[in-house]
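>>> fold the following.
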Amino acid sequence: MFSLKSFVLAGGLIALADAHMKLRVPTPYSSPPITSSPIDAGGANYPCQTDGNDYVGEPTKMEKGSKQELGFTGSAVHGGGSCQVSITYDEKPNAQSSFKVLKSIQGGCPARGVAGNIEPEAPEGDAPDTYEFMIPEDIPSGKATIAWTWFNKIGNREFYMNCAPVEISGSGGSEAGLAALPDMLIANIAQAGTCKTAEGSDIEFPNPGSDVETAEGDVKLAPPDGECAAAGGSGGSGGSSGGSATAAPGGAATPAVRGRHFRV
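Next up is the predicted model:
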């Protein structure tokens, strides 16, 4: 018989399974309000957990050449995994937007040296580890969106993505500088086609870009499986420099750059 105790335990397990991580720094959009859930497997809320209509928030000001902090809320880190920080200049990012990689973190993200989850459990607490990423000198100035994406090491094969409004300042920069950056990796959702990640591995990005942080210690790097879209851009070690971009719904390739409101 299904006892009250087993019901409570089951409820606790369900709650734990639903508790993941979410972006804290830079300050995410207030609308759509981000959650710790992964992107829908069918891609309904890709990108940024939105249908493309709601993008409200006070942008974090970032100067070219500056170091910026990446930090999270939560404790269910699922053994860590690999993350990317990417940027788009689309006013309201949608499924056809091109996200270009600023930094790749291979292993140990969003937590370093954790075999399972952070203890004690704190779904709304600040995660202890933070990371740094640079704003390149040669990208355009203007309003943009920073995206944090995460492929967890342990658990269901999922794709996590939170976004934050930013305003890039500084002289110089061009669309060509933006286009030279690699495309953000997409896997485990409909937009990715057959591209999947393997459980128990920290994803080794096919084209991580020039700013790469690889964790030390118990790191098992492995590339994604299946037919993963070739990364555009010319920046990055060990990746292709072709011009094709991440596949959009219906199989069409997105343009290398879909920027707006540039100041150069």
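
>>> partner strands of the host helix or strand of residue 151, with direction?
Taking DSSP states H and E as the criterion, residue 151 maps to strand 142-152. Paired neighbours of strand 142-152 in the sheet (DSSP bridges): strand 81-88 (antiparallel), strand 160-169 (antiparallel).

>>> who does the nearest residue to residue 130 once chain neighbours are set aside bridge with?
Sequence neighbours aside, residue 71 is the residue nearest to residue 130 in space, at 4.4 Å (criterion: C-beta to C-beta, 6 or more residues apart in numbering). For glycine as for every other residue, the C-beta is placed from the backbone atoms N, C-alpha and C. Taking DSSP bridges as the rule, residue 71 bridges to residue 25.

>>> where's residue 71 relative to residue 210, distance?
According to C-beta to C-beta, to the nearest Å, residue 71 stands 23 Å off from residue 210.

>>> residues making contact with stretch 196-204?
Under the contact criterion C-beta atoms under 8 Å, 6 or more residues apart in numbering, stretch 196-204 has outside partners 80-82, 106-108, 151, 153-155, 157, 185, 187-188, 215, 219-226.

>>> buried subset of those as a PyMOL selection?
To isolate the buried subset of those in PyMOL, counting by 16 or more other C-beta atoms under 10 Å, use the following:
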select buried, resi 80+81+82+106+107+108+151+153+154+155+157+185+187+188+215+219+224
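
>>> from the contacts of stretch 196-204, which land in strands?
Among the contacts of stretch 196-204, the ones falling in strands (DSSP state E) are 81, 82, 106, 151, 221, 222.

>>> residue ranges of the strands in the stretch 1-150 of the chain, please?
22-25, 60-63, 67-73, 81-88, 100-106, 131-134, 142-152 (DSSP state E, counting those that start in this stretch).

>>> and of those strands, who's closest to residue 47?
Among the strands of the stretch 1-150 of the chain, strand 142-152 comes nearest to residue 47, with 6.6 Å by C-beta to C-beta.

>>> buried ones in the closest one?
Judged by neighbour count (16+ other C-beta under 10 Å), strand 142-152 contains these buried residues: 142, 143, 144, 145, 146, 147, 148, 149, 150, 151, 152.

>>> go on, stretch 181-201?
For stretch 181-201, by 16+ other C-beta under 10 Å, it's 181-193, 195-197, 201.

>>> and what of stretch 31-48?
32, 34, 36, 38, 39, 43, 45, 46, 47, 48.

>>> need the mean per-residue confidence for that stretch.
For stretch 31-48, mean pLDDT rounds to 92.

>>> how about the buried residues of stretch 31-48 in a markdown table, adding distance to residue 167?
Below are these laid out as a markdown table (distance: C-beta to C-beta, whole Å):
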| residue | distance to residue 167 |
| --- | --- |
| 32 | 19 |
| 34 | 19 |
| 36 | 26 |
| 38 | 28 |
| 39 | 25 |
| 43 | 28 |
| 45 | 25 |
| 46 | 24 |
| 47 | 19 |
| 48 | 17 |
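
>>> please tell me how far residue 213 sits from residue 66.
In terms of C-beta to C-beta, residue 213 sits 17 Å off from residue 66.
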